[in-house]
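Student: Provided below are the primary sequence and the corresponding predicted coordinates.
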Amino acid sequence: MVSQKIDLCVFVKYKMFMDKDLKYDRWVDEKEAATHLKVKPSTLRTRRYKLGHDTLEVWRKFNGRILYDLYETDRKIEGVN
């Protein structure tokens, strides 16, 4: 009985973090960030090019990829410090 509860708990946590539709990933690529923020990917590129890190989106360059931090971006948009 106990092992069944543990297995179910592990499965639920695994399913929550592995399901891309639920947006539990903190760092995402440009396409997923655009979908989350309801803008086009070209809009994100333009903001990043013209404004750099002064945009509302929190982004980092990692191994040649641009990754957006959805959690910090949402906090920055809401005005939470």
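Tutor: That came in fine, so what should we check first?
Student: now the helices for this structure?
Tutor: 2-18, 30-37, 41-51, 70-78 (DSSP state H).
Student: what helices or strands is the third one leaning on?
Tutor: For helix 41-51, the packing partners by 3 or more CB pairs under 8 Å, 6 or more residues apart in numbering; DSSP states H and E come out as helix 30-37. The way it works is simple: take the backbone N, C-alpha and C, and place the C-beta from them, glycine included.
Student: list the buried ones in the helix it packs on?
Tutor: E30, E32, A33, A34, L37 (16 or more other CB atoms under 10 Å).
Student: same deal with stretch 72-80?
Tutor: T73.
Student: Name all residues that make contact with the closest residue to E72 other than its chain neighbours.
Tutor: Take E72 and drop its neighbours on the chain: the residue closest to it by CB to CB, 6 or more residues apart in numbering is V58, 4.1 Å away. Residues counted as contacts of V58 (CB atoms under 8 Å, 6 or more residues apart in numbering) are Y68, D69, E72, T73, K76.
Student: Please work out the average pLDDT along stretch 34-51.
Tutor: On average, the pLDDT along stretch 34-51 is 95.
Student: All further residue positions should be reported with the first residue as 49.
Tutor: In the new count, where the first residue is 49, that last one comes out as stretch 82-99.
Student: Spit out the contact partners of the closest residue to H84 other than its chain neighbours.
Tutor: Leaving aside its sequence neighbours, H84 sits nearest to L118 (CB to CB, 6+ apart; 5.7 Å). Going by CB under 8 Å, 6+ apart, L118 touches K71, D73, R74, W75, V76, A81, H84.
Student: Sounds good, over and out.
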